[in-house]
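Peer 1: give the three-dimensional model of this entry:
(chains A and B)
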There are 2 protein chains.
Amino acid sequence: MRMVDIIEKKRDGHALTAEEINYVIHGYVKGTVPDYQMSAWLMAVYFQGMTDAEAALLTEAMWHSGDVIDLSSIDGVKVDKHSTGGVGDKTTLILGPLVASAGAKVAKLSGRGLGHTGGTLDKLESIPGCTIALTPERFVRQVNDIGIAVAGQTAELVPADKLMYALRDVTGSVPSIPLIASSIMSKKLASGADVICLDVKIGDGAFMKTLADATRLSRLMVSIGNACGRQVAAFITGMDQPLGFAVGNRLEVAEAYETLSGHGPADLEELCLEIGSEMVYRAGKASSATAAKDLLRANLRNGKALAKFKEFIAAQGGRLETLDGFVTAKRIEEVKAPRAGFVKTIRALPIGLATMKLGGGRATKDDVIDPNVGVVLERKVGAKVKKGETLARIYADAAITDEIRGSVREAFEIVDQAVPVPPIILDVVR
Amino acid sequence: MRMVDIIEKKRDGHALTAEEINYVIHGYVKGTVPDYQMSAWLMAVYFQGMTDAEAALLTEAMWHSGDVIDLSSIDGVKVDKHSTGGVGDKTTLILGPLVASAGAKVAKLSGRGLGHTGGTLDKLESIPGCTIALTPERFVRQVNDIGIAVAGQTAELVPADKLMYALRDVTGSVPSIPLIASSIMSKKLASGADVICLDVKIGDGAFMKTLADATRLSRLMVSIGNACGRQVAAFITGMDQPLGFAVGNRLEVAEAYETLSGHGPADLEELCLEIGSEMVYRAGKASSATAAKDLLRANLRNGKALAKFKEFIAAQGGRLETLDGFVTAKRIEEVKAPRAGFVKTIRALPIGLATMKLGGGRATKDDVIDPNVGVVLERKVGAKVKKGETLARIYADAAITDEIRGSVREAFEIVDQAVPVPPIILDVVR
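Peer 2: Numbers count the residues shown, from 1 in each chain, chains lettered A, B, ... in the order given. Take a look at the predicted model:
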């Protein structure tokens, strides 16, 4: 078997066999397939796509390229969730404790943030004392004990994906549906959960820009998961504005805390209840998705969800009993409405970039994050505003530059006509 | 400027600017653009193609990546020809002396053969004493003195092409019209001739398989050449059977000698007269292409063409006054017709491969060539044959294997119906 023949076969639009796909992936991880052949193959995949069967084979080859997490010693159905990433996306912090409070077993490995989107690990580490470096034994024991653990991915989990992603990033083959699907699903499969709920975001602040692309990606990921014996549901959700109000590490932790107390933003609570009820129902902890949703809504009000959150944070060494004194930004500046009208859009990308420039995110992998800074929206899409009313607050430790101020201000588009509140969930693929 | 942005721009189907193309090519030659980005860019070009203007910019960037031959001290119009390569293609050996005998200045750099097609340099070196390693000074002086010189390309001529071709060969981006056109034309432009005649072959033994592809390639090469201030004509010619009768280094030199004596195969003579008359007319050595053709035909009969050939070989150190004792293969074996009928096809590829396996070509760059071996056809397409008549002769120094014998026999397809003699020139693009 020769790599150049496999490149040409894909280039000419033919489906590859399991042997050929294994040759590519295992050869690349071993180093016998060089970068320059891999990048040409990835570009050929970009143009010619893959059948569902090929994408499943690719995912399997990647999944088995390194360690696989063994969750067999955890009793019951293990659930996991994944978001394609967005600005203000703190759903893991809420969903994890919420579904654990209903008896589902949440065993989740998370990543760090890069660029304009934050990562769950950075948010957890913004809590004093909280660690995400759990040994496999401690991870499994914690899930068995309290129903939830969130840890950082090790370098040995799906090394093929790390290598391929780094190469795609510099050779123009990132936006390929089968390559995105196999990247996400190989990590989810290696993480070992039985039930996987995916949050596929579309819009300005997200990777997928259109409903058509998000639907294709969702269908393919469900197909791959099913082919590999897992239950999968994909929620296509809007990211045309930041999720909830808060953007920035501690600001988002605080918002998660409020949401778990039953006082969260409407869009964020709705999203967590919808995805959470799917997880709880599929975990066998409710007789229907509707019953699961009623159970979760009750737990937000009766204190069980917040209690599980505190138990989870404490189990990972964190200290967060109350929110008093948690966010300590040195200065808070208000951004005012330049005119009266209705908020038509709040572009997520400039809000995310402003947070990054405040020090709340990473431009490069080695940047150190300031946990206190960020942006908190005061108004969301659909709101009626008067001239001079506060639209958002900027939380900063250093001086706030005109560039940052301008980013936040210009993220808001205000129009004369009334604007409907956009739906948070656009479609579900099962 | 970042290479990944240029890859994505081409991937998305946009035309690149001169600055971008120069960044790619000069960066690749300098080593600042790594192989893995170059191979992804080449694959994107494979899928998205290039405008004529982009292909001209690419050719210019490649052309200026290394040395450029200075022919300015040669008086008169310099002519050059290039063939895309075929089995039994000894046209340079004939065309060069033929057009020089009519007064045109032939300054030609040639390549070696690899795989099933032979190279002009190998054919010249099969002549005892003949060298192709001419210094630039000797090359220019010889063209001024006798009107013709043929030398090997140096490593410093168009290094971008060498690097890119080696990469394309292992990453699946060889069959791309703009990449093929820029590869050929960058070398022709760097070689310095004013008039460039191209022989674009199509068929079984050639790189282009269809008239449509050959026409696209021809038009693009003419467009590139004109954009760079050169006169270009491209002849699309048939390579559904080997050109002439002889395949193998000395066998082809001998056939060239015979053709220059006015006793060559009809297809070979016609091809040389057509391309040669274009070169002579454009060099200003005849008042029309028809007059040029009459002049060349006369020179084949009156001994001037053969005399120029002998003068050319002698100038490069070779000894070939007569053909007596020139081909010294140890054994000659006849391949007989298995049935009566008409020769419908003689597939060039198995004839070329048989010659390579006899030792007459290179499977790898380091193979040493046996100059005496090869295959000489006795019948060409359209011929009526009786059962048991000789179709071809195999010239060998070692034992002739069944595989070689089978290759030659199976190259011939014999049918009951009469078959017309195929035209040698299918189209001309100017």
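
Peer 1: so where do the strands sit in the stretch 1-150 of chain A?
Peer 2: Using DSSP state E, counting those that start in this stretch, the strands found in the stretch 1-150 of chain A span residues A:78-83, A:105-110, A:148-152.

Peer 1: tell me which of those strands sits nearest to B:Lys123.
Peer 2: Evaluated with CB to CB, the strands of the stretch 1-150 of chain A place strand A:78-83 nearest to B:Lys123, the distance being 63.7 Å. For the C-beta atoms, the positions are set from N, CA and C on the backbone; glycine is no exception.

Peer 1: test my guess that A:Gly382 contacts A:Thr345.
Peer 2: No. Contact criterion CB atoms under 8 Å: A:Gly382 and A:Thr345 do not qualify, at 10.4 Å.

Peer 1: which residues of the stretch 151-300 of chain A lie near chain B?
Peer 2: Counting by CB under 8 Å from any CB of the partner chain, the residues of the stretch 151-300 of chain A close to chain B are A:Leu167, A:Asp169, A:Val170, A:Thr171, A:Gly172, A:Ser173.

Peer 1: and A:Gly382 and A:Thr345? Which one has more around it.
Peer 2: With other CB atoms under 10 Å in any protein chain shown as the criterion, A:Gly382 and A:Thr345 differ in neighbour count, and A:Thr345 comes out ahead with 17 against 14.

Peer 1: you'd agree that one is in a strand?
Peer 2: Yes. Inclusion of A:Thr345 in a strand is indicated when DSSP: H, G, I helix; E, B strand; the rest coil is applied.

Peer 1: pretty sure A:His425 sits against A:Leu271.
Peer 2: Let me fix one detail, which is that residue A:425 is Ile and not His. Yes. Counting by CB under 8 Å, A:Ile425 does reach A:Leu271; the two are 6.7 Å apart.

Peer 1: of these two, who's got more company?
Peer 2: The neighbour count for A:Ile425 versus A:Leu271, taken as other CB under 10 Å, is higher for A:Leu271 (26 against 15).

Peer 1: quick one, what contacts the more buried one?
Peer 2: With contacts defined as CB atoms under 8 Å, 6 or more residues apart in numbering or on different chains, the neighbours of A:Leu271 are A:Thr91, A:Asp199, A:Phe235, A:Thr237, A:Leu243, A:Ile424, A:Ile425.

Peer 1: can I assume it sits in a helix?
Peer 2: Yes. Using three-state DSSP, the secondary structure at A:Leu271 is a helix.

Peer 1: and stretch A:188-196, how far from the chain's centre?
Peer 2: Mean-position distance between stretch A:188-196 and its chain equals 15 Å (CA atoms, centre = their mean, to the nearest Å).

Peer 1: can you read off the pLDDT for A:Ala15?
Peer 2: Confidence per residue is given as pLDDT, and for A:Ala15 that number is 98.

Peer 1: A:Val87 now?
Peer 2: Note on A:Val87: pLDDT of 85.

Peer 1: what about it, how many residues nearby?
Peer 2: Applying other CB under 10 Å, we find 31 residues neighbouring A:Val87.

Peer 1: likewise for the one 3 residues further on?
Peer 2: Number of residues near A:Lys90 (other CB under 10 Å) recorded here: 27.

Peer 1: which residue comes closest to it once chain neighbours are left out?
Peer 2: Counting by CB to CB, 6 or more residues apart in numbering or on different chains, the nearest residue to A:Lys90 once its immediate chain neighbours are dropped is A:Glu252, at 4.0 Å.

Peer 1: doesn't A:Pro242 make contact with that neighbour?
Peer 2: No. Using CB under 8 Å, A:Glu252 makes no contact with A:Pro242, being 9.9 Å away.

Peer 1: what's the overlap in contacts for the two?
Peer 2: By CB under 8 Å, 6+ apart, the residues touching both A:Glu252 and A:Pro242 are A:Gly88.

Peer 1: find the closest residue to chain B in the stretch 201-350 of chain A.
Peer 2: Closest contact between the stretch 201-350 of chain A and chain B, by CB to the nearest CB, is at A:Lys209 (13.4 Å).

Peer 1: for the host helix or strand of A:Cys197, name the packing helices and strands.
Peer 2: Assignment of secondary structure by DSSP states H and E places A:Cys197 within strand A:195-202. Under the contact definition 3 or more CB pairs under 8 Å, 6 or more residues apart in numbering or on different chains; DSSP states H and E, strand A:195-202 sits against strand A:78-83, helix A:211-227, strand A:231-238, helix A:266-282.

Peer 1: run the last query once more with 10 Å
Peer 2: The contact analysis (3 or more CB pairs under 10 Å, 6 or more residues apart in numbering or on different chains; DSSP states H and E) places strand A:195-202 against strand A:78-83, helix A:91-101, helix A:177-191, helix A:211-227, strand A:231-238, helix A:266-282, strand A:425-429.

Peer 1: let's have these in JSON lines, adding mean pLDDT.
Peer 2: JSON lines is the format used below for the helices and strands packed on strand A:195-202 (pLDDT from 0 to 100):
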{"stretch": "strand A:78-83", "mean pLDDT": "94"}
{"stretch": "helix A:91-101", "mean pLDDT": "97"}
{"stretch": "helix A:177-191", "mean pLDDT": "95"}
{"stretch": "helix A:211-227", "mean pLDDT": "96"}
{"stretch": "strand A:231-238", "mean pLDDT": "96"}
{"stretch": "helix A:266-282", "mean pLDDT": "96"}
{"stretch": "strand A:425-429", "mean pLDDT": "96"}
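
Peer 1: shared neighbours, A:Ile425 and A:Leu271?
Peer 2: With contacts taken as CB atoms under 10 Å, 6 or more residues apart in numbering or on different chains, the residues that reach both A:Ile425 and A:Leu271 are A:Asp199, A:Phe235, A:Thr237, A:Gly238.

Peer 1: out of these, grab the one that's most surrounded.
Peer 2: Highest count within these by other CB under 10 Å belongs to A:Thr237, 29 neighbours.

Peer 1: who are the contact partners of that residue?
Peer 2: Contacts for A:Thr237 (CB under 10 Å, 6+ apart) come out as A:83-84, A:86, A:89, A:91, A:199-203, A:206, A:214, A:243, A:267, A:270-271, A:274-275, A:423-428.

Peer 1: mind redoing it with 7 Å?
Peer 2: Residues counted as contacts of A:Thr237 (CB atoms under 7 Å, 6 or more residues apart in numbering or on different chains) are A:Asp199, A:Lys201, A:Leu271, A:Ile424, A:Ile425, A:Leu426.

Peer 1: equivalent analysis for A:Glu410, please.
Peer 2: A:Pro350.

Peer 1: make sure the residue nearest to A:Lys90 is indeed in a helix.
Peer 2: Yes. Under three-state DSSP, A:Glu252 sits within a helix.

Peer 1: wait, it touches A:Thr91, no?
Peer 2: No. A:Glu252 lies out of contact with A:Thr91 (CB atoms under 7 Å); the separation is 10.0 Å.

Peer 1: good, we can wrap up now.
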